[in-house]
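1. Test case, fold it:
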Amino acid sequence: EVFFQEMKIPKIDYNLNINKLSHGAMTGRMIEKLEKILLIEKPDWVIVYGDTNSTLAGALAAKKLHIKLAHIEAGLRSFNMEMPEEINRILTDRISDILFCPTKKAVENLKSEGFDNFKSKNFVCGDVMYDAAVRFMKLAKKPEGIIPDNFILATVHRAENTNKIEKLKDIFKAFNIIANKTPIVFPMHPRTKHIIKTNNISINNKNIIIIPPVSYLEMIYLLKNCNMVMTDSGGVQKEAFFFKKACITLRKETEWIELVENGVNIITDSDTKTIIGAFNEMNNKKIMFDFNPYGNGNAAKIIVNTIVSSL
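-> Numbers count the residues shown, from 1 in each chain. Below you'll find the predicted structure:
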């Protein structure tokens, strides 16, 4: 709700209210409820975004009813089929009529999968998350509590880390050591908090400042003012780049390979020594942010104009 309020998003007409279920149950119920809404609304196009279960459910519901489908953030690949997001994005891309790709690399991924042989159309439109960052960066809001002048922003929530206790322990071993040099501000995801508490994972450094989950405008404040970002989030990797901050990615791979290729992002997985090594490397080198693969902040206009011209 706070996102709707802060970003002045219009009130929604439908809320499926589906959560806390297994992947299959969640996706199935979404398809069922979305189908009823689509039959009532009779849209010319359905637009889905990203790679969540709701993305796939919306795509399947639309195509089963022969409604044109557009996928925003198409063509991304982690090449890790253990990620539910990878399955969602691959299936959604395959049945979409228009694929709005945030980067040239995303289009290359589609071409390598044979999409030139399909009837779908691919467009490089830029990244709508960059649109949002440009629009809202002036409205950044400081979170409550004490935020130091110099700090690392850290987020950990992805299941591949939180569901494997040893990996989570290794990440926090690194955090405990790194915080001796630079304080870490850690907005803690509720699921991560529960797992840490349940498994007695040690956070024994007073320089690790744990704060509640933050709103979008508070997150922008933290991104603008931090020295560096350590995260397992896909979106936060990009946002770190938007605000010209070095990023350490606590995963085995990333969809945003262009950031790694240009030296502003290092992939470490959960290995303690590798994380510390990446911190030292980023902390001691001058990082250049003189490239922008994510467009000019007008991705939304390109998407709207393309869909309107297709009506």
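2. just to confirm, which helix or strand has the residue nearest to residue 95 when sequence neighbours are not counted in it?
-> Sequence neighbours aside, residue 63 is the residue nearest to residue 95 in space, at 4.9 Å (criterion: CB to CB, 6 or more residues apart in numbering). Quick note: C-beta positions are derived from backbone N, CA and C, even for glycine. For residue 63, the host element (DSSP states H and E) is helix 53-64.
3. If you count neighbours, what's buried in that helix?
-> For helix 53-64, burial by neighbour count (16 or more other CB atoms under 10 Å) applies to 53-63.
4. pLDDT averaged over it - what is it?
-> Across helix 53-64, pLDDT averages out at 98.
5. so is residue 154 in a helix, a strand, or just coil?
-> Taking DSSP: H, G, I helix; E, B strand; the rest coil as the rule, one finds residue 154 in the strand state.
6. Kindly apply the preceding question to residue 219 instead.
-> helix.
7. From residue 139, how far out is it?
-> Residue 219 sits 12 Å away from residue 139, going by CB to CB, to the nearest Å.
8. Can you spell out which helices and strands pack onto the lengthiest helix in the chain?
-> As assigned by DSSP state H, the longest helix anywhere in the chain is helix 23-41. With contacts defined as 3 or more CB pairs under 8 Å, 6 or more residues apart in numbering; DSSP states H and E, the packing partners of helix 23-41 are helix 53-64.
9. Can you give me the buried ones in the next helix or strand after the helix it packs on?
-> Note on helix 53-64: by DSSP H and E, the next helix or strand toward the C-terminus is strand 68-72. Within strand 68-72, the residues that qualify as buried are 68-72, counting by 16+ other CB under 10 Å.
10. Now the next helix or strand after strand 68-72: average pLDDT?
-> Downstream of strand 68-72, the next assigned helix or strand under DSSP H and E is helix 84-95. When pLDDT is averaged over helix 84-95, the result is 96.
11. Over to residue 122. Which of the three states is it?
-> Under three-state DSSP, residue 122 comes out as strand.
12. pLDDT wise, what is the closest residue in space to it that isn't next to it in sequence at?
-> Take residue 122 and drop its neighbours on the chain: the residue closest to it by CB to CB, 6+ apart is residue 99, 4.8 Å away. In this prediction, residue 99 carries a pLDDT score of 98.
13. re earlier: show me the contact partners of the helix holding residue 63.
-> Residues from elsewhere that reach helix 53-64, judged by CB atoms under 8 Å, 6 or more residues apart in numbering: 16, 23, 26-27, 30-31, 34-35, 38, 46, 48-49, 68-69, 71, 84, 87-89, 91-92, 95-96.
14. Which ChimeraX command selects the buried ones in those?
-> The following ChimeraX line selects those of those that are buried, judged by 16+ other CB under 10 Å:
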select :26,27,30,31,34,35,38,46,48,49,68,69,71,88,89,92,95,96
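15. List the contacts of stretch 287-302.
-> 100, 102-105, 123-131, 134-135, 238, 241-242, 244, 246, 258, 262-264.
16. How far does it sit from its chain's centre?
-> 16 Å (CA atoms, centre = their mean, to the nearest Å).
17. before we move on, what about stretch 205-218?
-> Worked out by CA atoms, centre = their mean, stretch 205-218 lies 18 Å from the chain centre.
18. again, but for stretch 19-32
-> Here the centre of stretch 19-32 is set off from its chain's centre by 21 Å, with CA atoms, centre = their mean.
19. quick check, residue 248 in a strand?
-> Yes. Under the criterion used here (three-state DSSP), residue 248 sits inside a strand.
20. Look up phi and psi at the nearest residue to residue 256 once chain neighbours are set aside.
-> Spatial nearest neighbour of residue 256, excluding adjacent residues (CB to CB, 6+ apart): residue 237 at 5.3 Å. Note on residue 237: its backbone torsions stand at phi -60, psi -50 [degrees, to the nearest 10].
21. With residue 184 instead?
-> According to degrees, to the nearest 10, residue 184 has phi -120, psi 120.
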